[in-house]
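Chemist: starting from these lines, generate the structure:
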Amino acid sequence: MRTSSMRVIAAAFAVAAWWGLAPPAAHAAWQSREFESPLGDRATGIAVAADNDPDFVLLIGCDGERGDRWRGATILQSPASKVRLENPAPGPVLRQRVRVALGDAPPVSDTLETRKAPRGGRLYWAPQPSKFAARLLAAEKDHPDSALRVQFKLASGKPLELRFPLAGLGAEFGDLSKRCRDWQP
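Modeler: You can find the predicted model right below:
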């Protein structure tokens, strides 16, 4: 039993290293990161892995060319993830129903747009990224140890709650704002 637990931990660290993220310590740290935007363009941003599943990463960023053509907040599900989420709601734009909460607040229903990521996995992004980023920054300022909690529904119908720590977001967002042509949410 102990050997299998060690293998799971080693696999989690390997996935985190592959995605360019350090393994979580007491709190995972926000890190600068290059990635592909939901539009398939080169993007720059900051990222933090979910405390309870490193195969899910919260990315906040902008396009890497001009810095103001695309700005977004995206959850990336790694191609290595074994988690099967429920199918998105059909329509011209695929939408995933989720429940979102900041800190200890009760979760509220919301939707995230979704599509396959250019390099595999799935992207889930907030339709109004500036408002979303502003809420995250305000929550971190009020309670530095707070977290964004996003609850997806698994294919089995059971909930999967991901917890993204917000500690350090404000400091990293200041640097990101400069790269994103003074993005002020």
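
Chemist: how close does the closest residue to residue 155 other than its chain neighbours sit to residue 176?
Modeler: The shortest distance from residue 155 to any non-neighbouring residue, by Cβ to Cβ, 6 or more residues apart in numbering, is to residue 84 (4.2 Å). The way it works is simple: take the backbone N, C-alpha and C, and place the C-beta from them, glycine included. Using Cβ to Cβ, to the nearest Å, residue 84 is found at 32 Å from residue 176.

Chemist: sorry, back to before: what score does the residue nearest to residue 155 have for pLDDT?
Modeler: Predicted confidence (pLDDT) at residue 84: the value is 95.

Chemist: tell me who's in contact with it.
Modeler: Counting by Cβ atoms under 8 Å, 6 or more residues apart in numbering, residue 84 makes contact with 154-156.

Chemist: and residue 104, which of the three is it?
Modeler: Each residue gets one of three states, and residue 104 gets coil by DSSP: H, G, I helix; E, B strand; the rest coil.

Chemist: what about residue 169, how many residues nearby?
Modeler: When counting by other Cβ atoms under 10 Å, one arrives at 25 neighbours for residue 169.

Chemist: now the phi/psi pair for it, please.
Modeler: The main-chain torsion angles of residue 169 are listed as degrees, to the nearest 10 and equal phi -60, psi -50.

Chemist: for residue 79, same thing?
Modeler: Listed backbone geometry of residue 79 is phi -60, psi -20, with angles given as degrees, to the nearest 10.

Chemist: and for it, the neighbour number?
Modeler: Neighbouring residues of residue 79 were enumerated by other Cβ under 10 Å; the total is 14.
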